[in-house]
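Trainee: Kindly generate the corresponding structure for this input.
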Amino acid sequence: MAYECARCQVEITNQEDVYHHRGKDLCEDCYMEALQQPKTCDVAATQLAKKHRQAAGQKGTEGLLDIQKKIHDYIKEKEKVTRNDLMEAFNLPEWELDKQIAILRHCELVKGRKENNRVYLVLFDY
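Mentor: Okay, the predicted model is just below:
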């Protein structure tokens, strides 16, 4: 019997490779991500990212994944966006967007900004 990962929709052919988390069947990668969700406001992760990027000589979006660069550029173009705007524009599930935003935040490229009881994502130096 084959299973499908509830997050990434990959087919899991071996029952021993199915992990159950909060009522969902997950592949090993998605299970690990579910247990270790990145936190946007993580001082240690931010410091580590800054040191790593400085040591590698990276500035701006250098060293980022394509999806992270596209999200950054989209926010730059629009000046401010909501999480829903990004999920729709990039067809990303919430858990994937959370991961990408956390990385951009740790690199001090994107931050949240509250305006009129709504939270927008803006460039860090906005």
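
Trainee: So what's the gap between the helix or strand where residue 77 lies and the chain middle?
Mentor: Element membership for residue 77 (DSSP states H and E) is helix 66-78. Relative to its chain's centre, helix 66-78 lies at 13 Å (CA atoms, centre = their mean, to the nearest Å).

Trainee: So for the helix or strand following that helix, mean pLDDT?
Mentor: Sequence-wise, the next helix or strand downstream of helix 66-78 (DSSP H and E) is helix 83-90. Averaging pLDDT along helix 83-90 gives 96.

Trainee: Identify each buried residue in helix 83-90, please.
Mentor: For helix 83-90, a neighbour-count test (16 or more other CB atoms under 10 Å) marks 83, 86 as buried. Every C-beta, even on glycine, is put in place using the N, C-alpha and C of the backbone.

Trainee: Same check on stretch 20-29?
Mentor: Residues of stretch 20-29 classed as buried: 25, 26, 27 (neighbour count, 16+ other CB under 10 Å).

Trainee: next one: stretch 42-49
Mentor: Within stretch 42-49, the residues that qualify as buried are 45, 46, 49, counting by 16+ other CB under 10 Å.

Trainee: got CSV for those, with pLDDT too?
Mentor: Below are the buried residues of stretch 42-49 laid out as CSV (pLDDT from 0 to 100):
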residue, pLDDT
45, 81
46, 86
49, 89
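
Trainee: Switch those residues over to JSON lines; also include secondary structure and distance to residue 96.
Mentor: Below are the buried residues of stretch 42-49 laid out as JSON lines (DSSP: H, G, I helix; E, B strand; the rest coil; distance: CB to CB, whole Å):
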{"residue": "45", "secondary structure": "helix", "distance to residue 96": "18"}
{"residue": "46", "secondary structure": "helix", "distance to residue 96": "21"}
{"residue": "49", "secondary structure": "helix", "distance to residue 96": "19"}
